[in-house]
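> heads up, no residue letters with this:
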């Protein structure tokens with residue numbers, strides 16, 4: 001259905017035509033508006049993923065469904081059709097191509113952190129992201145990360161991207177909520193479809209309510225499962241065999257998005273090296289740096305990460 005895809009052309013005016021750019025990292029899922037003391041801030045797995053990929057030197061893009069609030073259309077939007085946008089200049093997504101499928105609302109969360117961890121409330125839910133909005137130019141990225149935030153990715157996404165390194169963070173596919181908006185954890189429906197295809201799957205212990213039995217079940221069915229556990233680090237399960245990845249010490253200011261930063265960093269380093277343990281260690285460092293400030297402000301540049309590893313290597317040699 002080419003007619004529904006994200007084209008830059010508007011109203012038949014060639015001067016306004018701008019096609020989606022060629023990219024090598026694609027994040028698919030819904031953007032969010034996260035409540036904050038000063039109003040709202042941009043969130044969602046795809047936001048953190050695109051920012052992280054760009055700061056690590058990759059050409060990133062986002063396919064999402066949301067309202068156009070907080071985004072800057074490159075060309076005039078046409079009712080009912082996807083539009084190519086970027087984040088506004090003062091946002092972390094500034095300059096990153098975003099193909100937005102139309103929705104009256106953007107998925108909206110409130111995150112409350114306390115001694116027992118995070119409590120989430122969802123107050124608005126955008127429509128599902130469907131493959132018919134995918135620009136043809138974005139069909140074969142080097143790496144793709146599906147980042148579900150609120151059950152917005154239908155199972156036929158599992159058959160897409162046969163030529164890409166394919167990862168999924170399914171936390172949103174495991175979320176449930178009622179009229180009060182309180183988010184609870186459930187099991188991953190349609191998991192088998194993704195387990196058969198995904199090159200890497202990312203969960204946190206929070207996503208499964210600390211259920212070690214369920215983690216073991218998924219690890220036994222996945223090619224590569226990575227489970228993050230905050231300041232405890234992460235565990236890489238390759239064909240069911242577990243390898244612990246120690247954390248980098250950090251002073252945590254804001255843990256929101258750390259798992260998304262981890263998943264993106266892992267996919268990039270895994271694409272570069274083919275080694276999941278090296279990728280896990282790299283991702284732990286990037287994610288730990290990202291929590292040392294609010295929002296996406298401290299997602300590090302590649303040079304910062306490389307400098308940290310150089311210093312660590314020098315210290316170990318001495």
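Thanks, I have the structure now. Everything numeric here is computed off the predicted structure, so don't read it as measured data.

> next up, the contacts around the residue nearest the centre of the chain.
Among the residues of the chain, the smallest C-alpha distance to the mean C-alpha position (Cα atoms, centre = their mean) belongs to residue 45, namely 3.1 Å. Contacts for residue 45 were tallied using Cβ atoms under 8 Å, 6 or more residues apart in numbering; they are 27, 29, 145, 147, 148, 149, 169, 171, 172, 257, 260, 263. Heads up, the C-betas are built off the backbone N, CA and C, glycines and all.

> count of neighbours near the closest residue in space to it that isn't next to it in sequence?
Taking Cβ to Cβ, 6 or more residues apart in numbering, and ignoring the residues beside it in sequence, residue 45 has residue 147 as its nearest neighbour in space, at 2.8 Å. Here the neighbour count serves as a burial measure; for residue 147 (other Cβ atoms under 10 Å) it reads 30.

> list the contacts for residue 147?
Residue 147 makes contacts with 27, 28, 29, 44, 45, 46, 49, 168, 169, 172, 260, 263, as judged by Cβ under 8 Å, 6+ apart.

> residue 259: neighbouring residues, count only.
Around residue 259 sit 26 other residues, with neighbours defined as other Cβ under 10 Å.

> cool, and residue 238?
Neighbours around residue 238, by other Cβ under 10 Å: 16.

> swap in residue 276?
If you count neighbours by other Cβ under 10 Å, residue 276 ends up with 23.

> nearest spatial neighbour of it, skipping sequence neighbours?
Nearest non-adjacent residue to residue 276, counting by Cβ to Cβ, 6+ apart: residue 236, 5.1 Å away.

> same deal with residue 188?
residue 174 (5.1 Å).

> I'd say that neighbour and residue 190 touch.
No: proximity of residue 174 to residue 190 does not meet the contact threshold set by Cβ atoms under 8 Å, at 11.0 Å.

> tell me what residue 225 is bridged to.
The residues paired with residue 225 through beta bridges, assigned by DSSP bridges, are residue 201, residue 237.

> quick one: contacts for it?
Under the criterion of Cβ under 8 Å, 6+ apart, the contact list for residue 225 reads 200, 201, 203, 215, 218, 219, 236, 237.

> quick one: name whatever helix or strand follows the helix or strand bottoming out on mean pLDDT in the chain.
Of all regular secondary-structure elements in the chain, judged by mean pLDDT, DSSP states H and E, the least confident is strand 71-73 with a mean of 58. Toward the C-terminal end, the helix or strand that comes next after strand 71-73 (DSSP states H and E) is strand 83-87.

> just to revisit the earlier point, quick one: pLDDT of the residue nearest to residue 276?
The confidence metric pLDDT takes the value 98 at residue 236.

> could you do residue 17 as well?
Note on residue 17: pLDDT of 37.

> so what does residue 188 look like in phi/psi?
Its backbone dihedrals place residue 188 at phi -90, psi 100, with angles given as degrees, to the nearest 10.

> would you confirm that it contacts residue 170?
Yes: under the criterion of Cβ under 8 Å, residue 188 is in contact with residue 170, at a separation of 5.5 Å.

> neighbour-wise, which of those two wins?
Set side by side, residue 188 and residue 170 show unequal neighbour counts under other Cβ under 10 Å, the larger going to residue 170 at 23 against 20.
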